[in-house]
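J.: Provided below are the primary sequence and the corresponding predicted coordinates.
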Amino acid sequence: REKTMARFPVTCIVAFIVSTASATAQTLVERGSYLVNAVMACDGCHTPRGKSGFIMEKRFSGGSQVWDTPAYTVRGTNITPDRETGIGAWSDDEIRRSLTEGIHRHGRPIAPQMPFAFYKILTPRDLDALVAYMRTITPVRNEVQPPVYKAAMHTDLVPGAVKPFTEETLRDPLKRGFYLATIAHCMECHGRRPDGAQDYKNTWGKGGYVFTGPWGSAVTSNITSHPKSGIGAWTDAEVRRALTHGVSRDGRAFKQPMARQDYFSRMTEEDLSAMVAWLRSLPPLE
């Protein structure tokens, strides 16, 4: 036992104990707030937008973002605790099921614009934390137009993320990085072919799809470890800066929907390092 312990520096053991104690002391609401405000970026779909950005006094009340596809036309829903127009009347189990199974409280499917396939990986504690935090959001009365479903909807499952992770699994930096990138639904964009179809087998991180919006057009970048087509030649510092400052290695500012630095800049150093490590592990694709 003494020989085994000698392999680990005392500073590493202390850091591990402090990190574990901190995680234990964090309340469910605090953890939920961290996930929503540093990783998952739920504002993107659920917070109304004005000319100068998100209308934060109406945060999470939905309505302004519209997605019109051959299969459905939906708007970002109201996820505030308003009992009539939001989710205030939903039970905790109904909220959990909507997040991980894409099922509305009334039993109808939710359009895959809601990235529930990426949330199946959520640990039980993190799922509880999200519910706890959502209960604390200021209720906003805002009746959103109901979804229109025009055809059968198909949702691709995310490889390696079809069931909940455990807290123990998150101790592995690579798995932790994958976990964070998954609930941040990075491959929702970077695992999409140029024709817009999800392809997690052949386009895992390759990118190439062109997003269009009020900001103009933006091509989804290759985030694999390829040294030329991807980010294989980037330094760790450059990758971290891209995540936390929203700029490429040449200083070019990212356009929406990748401009998520307001969220990722709030991530802990441990989580940022894990995400960078996971990005380094992506097989190179050209």
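T.: Sure thing, it's come through. Numbering: from 1, shown residues only.
J.: can you pull the contacts of Val140?
T.: Listed by Cβ atoms under 8 Å, 6 or more residues apart in numbering, the contact partners of Val140 are Lys58, Arg59, Phe60, Ser61, Asn78, Thr80, Asp82, Gly86. (C-beta placed from N, C-alpha, C; glycine too.)
J.: Repeat the analysis, applying 6 Å as the threshold.
T.: For Val140, the contact set (Cβ atoms under 6 Å, 6 or more residues apart in numbering) comprises Lys58, Ser61, Thr80, Asp82.
J.: Check Ile137 too.
T.: By Cβ under 6 Å, 6+ apart, the residues touching Ile137 are Phe60, Thr80, Pro81.
J.: how about 8 Å then?
T.: Arg59, Phe60, Ile79, Thr80, Pro81.
J.: tell me the SS of the second one?
T.: For Phe60, the reduced secondary structure class is coil; criterion used: DSSP: H, G, I helix; E, B strand; the rest coil.
J.: In space, what's closest to His226 - neighbours in sequence excluded?
T.: Excluding the flanking residues, the one nearest His226 by Cβ to Cβ, 6 or more residues apart in numbering is Pro284, at 3.7 Å.
J.: and the gap between that neighbour and Ile137?
T.: For Pro284, the distance to Ile137 equals 41 Å [Cβ to Cβ, to the nearest Å].
J.: can you check Glu188 too?
T.: With distances taken as Cβ to Cβ, Glu188 is found 23 Å from Ile137.
J.: How about Pro164?
T.: According to Cβ to Cβ, Pro164 and Ile137 sit 24 Å apart.
J.: repeat for Leu28
T.: From Leu28 over to Ile137 (counting by Cβ to Cβ), the distance is 14 Å.
J.: Does Ile144 touch Thr80 like I think?
T.: You called it Ile, but residue 144 is Val. No: with contacts defined as Cβ atoms under 8 Å, Val144 does not count as touching Thr80, sitting 10.9 Å away.
J.: ok, these two, which is more surrounded?
T.: When neighbours are counted by other Cβ atoms under 10 Å, Val144 and Thr80 differ, and Thr80 comes out ahead with 23 against 18.
J.: Let me see the contact set for the nearest residue to Asp236 once chain neighbours are set aside.
T.: The shortest distance from Asp236 to any residue that is not its chain neighbour, by Cβ to Cβ, 6+ apart, is 5.4 Å, and that residue is Val276. Taking Cβ under 8 Å, 6+ apart as the definition of contact, the neighbours of Val276 are Gly177, Asp236, Val239, Arg240, Leu243.
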